[in-house]
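Enquirer: okay, here's the prediction I keep looking at, along with the sequence it came from:
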Amino acid sequence: MEQLTLADKDIFPTEEIIFSNIGKSKALWKIIFDHIHSTYPNFTEQWNYYNDGKRWLLKVTNKSKTIFWLGVLENSFRMTFYFTDRAEQAIMSSALSDEHKAQFMNGKKYNKIKGLSIIFKNKKDIEYAKALLSIKLTTK
């Protein structure tokens, strides 16, 4: 399993620090965040240090709705989306990989939601993230 970075509470995750951690995945970061900033200008991004996980995480919201959480990994980054069962049909009929669909179907349920994570390794992961953004915004 990939190791989350950004564990020092006193070091705010600047772009320079993030890029030094994600390495070659910087190109994928730029592509997905360029897409997010141009397509969803109302999204708000907020970095917070969470004591329960002892890590910095980026929370992206649209008004009061959390869209996804982002954690920085060694040589990559991970976006995690949380969905209710109402999103199941949209997820299963989407262009997501079978692995991602299985992750959702077999994932642990937290109250009424289940998580689905994308670890960015190649350009296909950009398309998966775009699909999940769309599903998140069209399901309640």
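Expert: Arrived safely.
Enquirer: please count neighbours and contacts with C-alpha atoms only from this point.
Expert: Fine.
Enquirer: touching the helix or strand where residue 57 lies from outside, list them.
Expert: Counting by DSSP states H and E, the element that carries residue 57 is strand 55-62. For strand 55-62, the external contacting residues (Cα atoms under 8 Å, 6 or more residues apart in numbering) are 4-9, 12-13, 42-50, 66-72.
Enquirer: let's see that strand as PDB, backbone CA atoms only.
Expert: Coordinates of each C-alpha in strand 55-62 appear next as PDB, following Å, rounded to 0.1, in the frame of the first residue of the first chain:
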ATOM      1  CA  ARG A  55      -1.400  13.900   8.000                       C
ATOM      2  CA  TRP A  56      -2.200  16.900   5.900                       C
ATOM      3  CA  LEU A  57      -5.200  16.300   3.600                       C
ATOM      4  CA  LEU A  58      -6.800  18.500   1.000                       C
ATOM      5  CA  LYS A  59     -10.600  18.800   1.300                       C
ATOM      6  CA  VAL A  60     -12.400  20.000  -1.900                       C
ATOM      7  CA  THR A  61     -15.900  21.200  -1.500                       C
ATOM      8  CA  ASN A  62     -18.700  22.800  -3.500                       C
END
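Enquirer: give the buried residues for it.
Expert: By neighbour count with 16 or more other Cα atoms under 10 Å, strand 55-62 contains the buried residues 55, 56, 57, 58, 59, 60, 61.
Enquirer: so what's the fourth one closest to, chain neighbours aside?
Expert: Read that as residue 58. By the measure of Cα to Cα, 6 or more residues apart in numbering, the closest residue to residue 58 outside its immediate chain neighbours is residue 47, 4.4 Å from it.
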